[in-house]
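*Asks:* model this:
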Amino acid sequence: MPSQRQNWSHRKNNRRMERDYLQEIKPPLLLLLFLISLTIIIVGYRYYRHTQENPEFCLSCHLMKEAYKTWEKSKHSDIICQTCHRLSLIEQNKLLIAFVTGTKSVRETHGRQKPWQACKECHFPDIEQGAISDSKTFGHARHVFTKKINCSECHIGGASNSSGGLHEFKPESDACLKCHKDRLVHGLGMEGLQCLNCHTFSKEPSQKLVSERRCLECHGNIQRSGVMGSLRCFDCHKPHAKIKLEGADCLGRCHSHELEVGQHKLHIEKAKVDCLYCHRAHTWRVGRELATRICTKCHSYREPSRFVF
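*Replies:* Numbers count the residues shown, from 1 in each chain. Coordinates of the predicted model:
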């Protein structure tokens with residue numbers, strides 16, 4: 001039977017052999033662990049680059065094909081999807097688990113919410129006040145910074161709004177009426193117009209958002225010289241109240257004294273002739289041609305130069 005000393009010597013030899021073995025396998029083991037770690041890092045980095053910087057990653061979801069095609073044709077085609085549609089690490093893992101397990105009830109924000117939050121990061125120069133171009137405007141500064149209105153309230157075309165084309169982001173024609181409910185156009189002949197047909201987000205303060213030039217783009221045949229040629233369109237026409245004038249408007253706003261001048265009182269009060277029956281809009285003077293047509297219905301013809309006012 002082995003003695004106690006022999007047992008102790010045997011155990012000591014075993015421990016020495018174990019240490020020697022560990023010393024032999026340590027370098028290969030460390031190298032293997034390094035290679036595994038390096039592989040994990042490389043694969044992880046490539047996966048990160050693919051998910052965060054490659055738009056084709058979005059196509060891994062079959063619902064994205066239409067959105068991907070519209071993005072390729074949009075003005076934002078030089079910007080990768082992930083710039084606006086950002087996925088946090090937690091969201092990535094949730095979607096990965098949902099994809100593997102086939103779960104369909106995972107809530108995500110990168111499609112409908114986060115893109116609108118990213119608008120200001122690129123378009124901040126376009127919405128800052130004190131702008132120097134048509135794209136850098138007072139209107140945006142007032143609505144975004146002062147009124148705290150989110151981009152999605154006015155611009156359609158995001159994934160959350162199916163009424164507009166994806167990735168177009170055009171201003172919604174009726175968006176203004178969400179806040180400006182009392183600003184409907186009531187004028188005869190202008191009912192089909194939208195707010196943005198006249199109002200541009202100019203670099204000027206709000207009272208100058210509609211210029212004379214905007215009116216004349218449609219009403220190009222308006223005479224701008226002669227009598228009352230210095231007046232602005234808005235001095236007479238009120239697009240959100242009353243566009244088509246009546247004689248009472250002329251008398252009430254500017255010409256309240258005209259009843260006491262010449263034969264105006266006789267014509268207006270006794271004959272019930274409206275101002276605009278004789279004084280035609282934008283020409284105003286009663287010339288020979290007009291006098292021949294209208295004055296002779298009641299009087300024998302006289303030269304307008306002989307009219308007594």
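
*Asks:* pLDDT averaged over the longest helix belonging to the chain - what is it?
*Replies:* The longest helix of the chain (DSSP state H) is helix 4-53. Average pLDDT, helix 4-53: 76.

*Asks:* same check on stretch 196-206?
*Replies:* What stretch 196-206 shows for mean pLDDT is 64.

*Asks:* do the same with stretch 183-191
*Replies:* 64.

*Asks:* now swap in stretch 224-236 and tell me
*Replies:* For stretch 224-236, mean pLDDT is 82.

*Asks:* dump the C-alpha coordinates for it into PDB.
*Replies:* Extracted C-alpha coordinates of stretch 224-236, given in PDB (Å, rounded to 0.1, in the frame of the first residue of the first chain):
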ATOM      1  CA  ARG A 224     -51.600  99.700 -63.400                       C
ATOM      2  CA  SER A 225     -51.400 103.400 -64.400                       C
ATOM      3  CA  GLY A 226     -53.700 106.300 -64.400                       C
ATOM      4  CA  VAL A 227     -56.500 107.000 -61.900                       C
ATOM      5  CA  MET A 228     -55.900 105.100 -58.700                       C
ATOM      6  CA  GLY A 229     -53.000 103.300 -60.200                       C
ATOM      7  CA  SER A 230     -51.000 103.900 -57.000                       C
ATOM      8  CA  LEU A 231     -53.400 101.800 -55.000                       C
ATOM      9  CA  ARG A 232     -52.600  98.200 -54.000                       C
ATOM     10  CA  CYS A 233     -54.900  95.400 -54.900                       C
ATOM     11  CA  PHE A 234     -55.600  94.800 -51.200                       C
ATOM     12  CA  ASP A 235     -56.800  98.400 -50.700                       C
ATOM     13  CA  CYS A 236     -60.000  97.500 -52.400                       C
END
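
*Asks:* would you mark the buried spots in it?
*Replies:* Under the neighbour-count criterion of 16 or more other Cβ atoms under 10 Å, stretch 224-236 has 233, 236 buried. For glycine as for every other residue, the C-beta is placed from the backbone atoms N, C-alpha and C.

*Asks:* residue contacts, Cys122?
*Replies:* Ile79 (Cβ atoms under 8 Å, 6 or more residues apart in numbering).

*Asks:* over to it. Which of the three states is it?
*Replies:* Classification of Cys122 using DSSP: H, G, I helix; E, B strand; the rest coil returns helix.

*Asks:* for Glu289, what are phi and psi?
*Replies:* phi -60, psi -40 (degrees, to the nearest 10).

*Asks:* count of neighbours near the nearest residue in space to His167 that is not next to it in sequence?
*Replies:* Counting by Cβ to Cβ, 6 or more residues apart in numbering, His167 lies nearest to Ser74, which is 3.9 Å off, once chain neighbours are set aside. By the criterion of other Cβ atoms under 10 Å, Ser74 has 16 neighbours.

*Asks:* kindly report the same for His123.
*Replies:* Neighbours of His123 (other Cβ under 10 Å): 15.

*Asks:* pull the contacting residues for it.
*Replies:* Contacts of His123 (Cβ under 8 Å, 6+ apart): none.

*Asks:* how near is it to Pro115?
*Replies:* 12 Å (Cβ to Cβ, to the nearest Å).

*Asks:* for the spatially closest residue to Cys195 that is not a sequence neighbour, give its distance to Cys275.
*Replies:* Residue nearest to Cys195 in three dimensions, not counting chain neighbours: Cys176, with 4.1 Å by Cβ to Cβ, 6+ apart. Distance, Cys176 to Cys275, by Cβ to Cβ: 34 Å.

*Asks:* one more: Gln113?
*Replies:* Distance, Gln113 to Cys275, using Cβ to Cβ: 57 Å.

*Asks:* please apply the same query to Ile243.
*Replies:* 17 Å.
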